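Chemist: A structural model of the following input is requested.
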Amino acid sequence: MAIYAETVLRNGTVWCGRQEGTAQAVALWGGRVLATGSNADLEPLIGPDTQVIDLRGRLATPGLIDAHLHLLPYGLTMREVDVRPRLAPTLDELLARIKARADELGPGQWVLARGYDQFKLDVKRHPSREELDRVAPNNPVHLVRTCGHISICNSKAFALAGVTAATPSPPGGLIEVQNGAPTGLLAEYGRDPIRKVLPTATDADLVDAIERAGRYLNSLGVTSCMDAAVGMHSHFREIGAYFTAERDGRLPVRTSMCLLGDPGPKSIVPDAHRAGLVTGVGHDMLRVGPVKIFTDGSAGGRTAWMSQPYLGEDQTLDENKNCGVACQTDEVLGEYVMDYHRKGYQMAIHAIGDAAIEQVLSAYERALAEAPDPDRRHRIEHCGFLTAGHIARMKEAGVYPAPQPVFIYDFGDLYYAVLGSERPDASYPMRGWFNAGLKPSASTDAPVCDANPFPNIYTMLTRRTGKGTVVGGQEALTIEEALQAYTEYSAFAEKAEQRKGRLAPGMLGDVAVFSRDMLRASPDEILEDTRCDITIRGGAIVFDRHGEANEP
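Modeler: Numbers count the residues shown, from 1 in each chain. A predicted model of the protein is given here:
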């Protein structure tokens with residue numbers, strides 16, 4: 001009895017993987033790849049009920065895998081006031097958007113906003129508490145910087161949180177006070193008092209957010225992701241929301257849940273471990289991933305922990321020797337890493353500055369020495385500003401980077417402004433990691449950056465910022481390498497490279513079809529004029545821009 005494919009995509013360029021190369025067509029059956037080859041090779045697999053999609057010369061790739069974003073928070077922020085630079089390039093426009101939402105909601109209701117970048121504002125500084133008071137005097141306001149590590153609050157919000165000029169900054173955080181009054185700026189653990197009084201999302205809100213963000217990812221060709229801090233907003237209820245979304249058919253993307261494991265009551269790991277939720281538990285739609293700990297902040301917010309000071313406003317080394325924020329002591333981090341490592345968890349620790357990377361790498365080395373596991377694949381999330389020595393030690397220890405090349409596109413010019421002319425050129429060294437065999441994944445850290453993959457791919461190819469500045473051009477990749485980072489290596493980061501990330505027989509039938517053949521396109525064409533036309537997950541079409549699946 002003949003076996004016919006359920007779906008065949010043909011007449012295009014099918015990029016099957018870095019080692020596999022390209023084909024003209026791919027056949028899917030039972031949610032998996034049945035075969036790849038020429039149009040003629042796959043013709044016998046087309047039966048009377050086979051859905052045939054004409055690629056018309058377009059590129060099909062394995063479904064993209066965003067190895068580090070915040071899916072559930074992304075869905076929640078989609079309903080907040082959007083003050084990203086393209087919508088609010090000036091302080092007046094930012095404040096006007098906040099005022100409009102306050103007027104819409106009425107007195108007493110929280111105004112939540114996200115996305116500003118002080119470097120891209122016309123005033124080149126953070127908004128202030130007084131400015132937020134002026135436009136929303138009767139509403140508590142919580143404004144989050146694009147990086148997600150800094151908040152600006154107004155007086156109403158501070159009153160609800162009990163924050164005053166006398167409130168001390170906690171270890172690993174900042175409550176900024178100038179001239180005897182709070183400025184409104186909170187950084188890292190200094191944001192905890194506000195987090196305790198922010199509106200609580202319902203269970204239904206959480207599931208809605210997962211579905212909303214997941215559908216958006218589908219529209220970009222993304223079929224898998226890692227939610228990089230499950231538990232950050234609603235603690236263990238977020239685990240329940242994911243299980244509910246998957247059970248009810250409302251989880252649009254395959255998701256690896258990275259569990260928040262920050263020291264103290266924030267950690268959801270004790271509850272997860274008691275429930276038997278250890279790295280690897282689950283299935284191909286929803287799986288328990290690694291454990292996340294924050295060790296520093298962001299370079300653009302001057303809170304990433306560096307070994308050398310940031311530049312001050314006069315573009316010389318900060319006379320106050322600001323080297324960022326160290327969220328954990330060596331002792332505490334080492335204790336928690338050892339505990340989670342012995343419990344069987346993979347780790348995915350946030351570290352951007354070189355001092356934070358040194359701290360994390362040392363903790364991993366100690367844990368692996370005491371309890372060896374040559375394939376645990378502990379990760380350093382972001383891993384932005386490291387040294388050649390760090391790369392060599394990562395290779396020796398089997399520790400892998402999980403970077404966001406798009407940070408160069410969105411924030412590269414800011415890195416020069418706060419770090420000088422040399423440190424940014426060596427940041428996010430994709431070429432160096434490739435050459436070392438460290439299999440760097442690709443991701444966007446959405447909502448820090450938009451989940452749109454095309455600026456990410458563009459920056460991997462060019463190392464150019466949105467303004468056109470080349471930041472360390474020696475770290476550029478080829479298009480095949482960029483796609484490998486976004487597919488096979490992102491699958492490797494979650495120990496799933498034998499199941500997804502390539503289009504080979506038996507692999508999951510996850511496919512993205514793009515509007516042009518990116519293998520033959522210029523970087524500018526990829527950035528400016530490329531879209532995802534079709535997304536297939538497990539053999540089923542989950543996004544179809546032009547309704548091609550319905551064509552005869």
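
Chemist: Which parts of the chain belong to which domain?
Modeler: Domain assignment for the chain by automatic domain parsing gives 7-63+505-550, 71-195, 293-493.

Chemist: Among those, show me which one is buried the most.
Modeler: Neighbour counts (mean count of other Cβ atoms under 10 Å) averaged over each of the domains of the chain peak at domain 293-493, with a mean of 21. (Glycine included, C-beta is placed from N, CA and C.)

Chemist: now for it, what's the gap between its first and last residues?
Modeler: 17 Å (Cα to Cα, to the nearest Å).

Chemist: Ok, stretch 229-246 next?
Modeler: Rule used - Cα to Cα; the end-to-end distance of stretch 229-246 is 18 Å.

Chemist: list the buried ones in it?
Modeler: If you call a residue buried by 16 or more other Cβ atoms under 10 Å, then stretch 229-246 has these buried ones: 229-234, 236-239, 241-242, 244-246.

Chemist: Kindly report the same for stretch 217-229.
Modeler: 217-229.

Chemist: before we move on, back to that, could I get the domains of the chain as a markdown table with distance to Leu259 and mean pLDDT?
Modeler: Listed next are these as a markdown table, based on distance: least, Cβ to Cβ, whole Å; pLDDT from 0 to 100:
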| stretch | distance to Leu259 | mean pLDDT |
| --- | --- | --- |
| domain 7-63+505-550 | 24 | 97 |
| domain 71-195 | 13 | 95 |
| domain 293-493 | 8 | 96 |
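
Chemist: what would the ones you listed look like in CSV with distance to Leu286?
Modeler: What follows is the domains of the chain, written out as CSV (distance: least, Cβ to Cβ, whole Å):
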stretch, distance to Leu286
domain 7-63+505-550, 13
domain 71-195, 11
domain 293-493, 16
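
Chemist: Quick one, which of those domains gets closest to Arg499.
Modeler: domain 7-63+505-550 (5.7 Å; Cβ to Cβ).

Chemist: I'd assumed Tyr416 was in contact with Thr469.
Modeler: Yes: with contact defined as Cβ atoms under 8 Å, Thr469 reaches Tyr416; the gap is 7.4 Å.

Chemist: related to what we said a few turns ago, so which of the domains of the chain gets nearest Gly276?
Modeler: domain 293-493 (10.7 Å).

Chemist: ok, which stretches of the stretch 351-500 of the chain are helices?
Modeler: 354-370, 388-397, 406-419, 430-436, 453-462, 479-486, 488-493 (DSSP state H, counting those that start in this stretch).

Chemist: Outside of the longest one itself, list whatever touches it.
Modeler: It stands for helix 354-370. 295-296, 304-307, 323-324, 326, 328, 330, 333-334, 337-338, 341-342, 347, 349-351, 376, 378, 380, 383, 385-387, 390, 393-394, 397-399 (Cβ atoms under 8 Å, 6 or more residues apart in numbering).

Chemist: Kindly report the same for the second one.
Modeler: Around helix 388-397, the neighbours that count as contacts under Cβ under 8 Å, 6+ apart are 354, 357-358, 361, 364-365, 368, 378, 380, 399-401, 429, 432-433, 436-438.

Chemist: hmm, try it at 7 Å
Modeler: 357, 361, 364-365, 368, 432-433, 436-438 (Cβ atoms under 7 Å, 6 or more residues apart in numbering).

Chemist: Kindly report the same for the fourth one.
Modeler: Judged by Cβ under 7 Å, 6+ apart, the contacts made with helix 430-436 from elsewhere in the structure are 391, 395, 401, 403, 405, 440, 460, 474-477, 481.

Chemist: So Leu186 belongs to a helix, correct?
Modeler: No: Leu186 is assigned strand when assessed by DSSP: H, G, I helix; E, B strand; the rest coil, not a helix.

Chemist: close enough to count as contact, it and Arg195?
Modeler: No: using Cβ atoms under 7 Å, Leu186 makes no contact with Arg195, being 9.5 Å away.

Chemist: Sitting in helices, which of the buried residues of stretch 217-229 do you find?
Modeler: 217-218 (DSSP state H).

Chemist: Please flag which of the buried residues of stretch 217-229 sit within strands.
Modeler: Among those, DSSP state E puts 222-229 in strands.

Chemist: Reduced to three states, what does the residue nearest to Ala367 when sequence neighbours are not counted come out as?
Modeler: Nearest residue to Ala367, sequence neighbours excluded (Cβ to Cβ, 6 or more residues apart in numbering): His341, at 4.1 Å. Under three-state DSSP, His341 falls in the helix class.

Chemist: Gly57 now?
Modeler: coil.

Chemist: quick one, what contacts it?
Modeler: 12, 517.

Chemist: what do you get if the cut-off is 8 Å, keeping everything else the same?
Modeler: 11-13, 517.

Chemist: and those residues, which of them are in strands?
Modeler: Those of the contacts of Gly57 lying in strands (DSSP E): Thr13.

Chemist: Could you dump the contacts of Gly57 into JSON lines with distance to Ile175 added?
Modeler: JSON lines is the format used below for the contacts of Gly57 (distance: Cβ to Cβ, whole Å):
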{"residue": "Asn11", "distance to Ile175": "60"}
{"residue": "Gly12", "distance to Ile175": "55"}
{"residue": "Thr13", "distance to Ile175": "54"}
{"residue": "Asp517", "distance to Ile175": "52"}
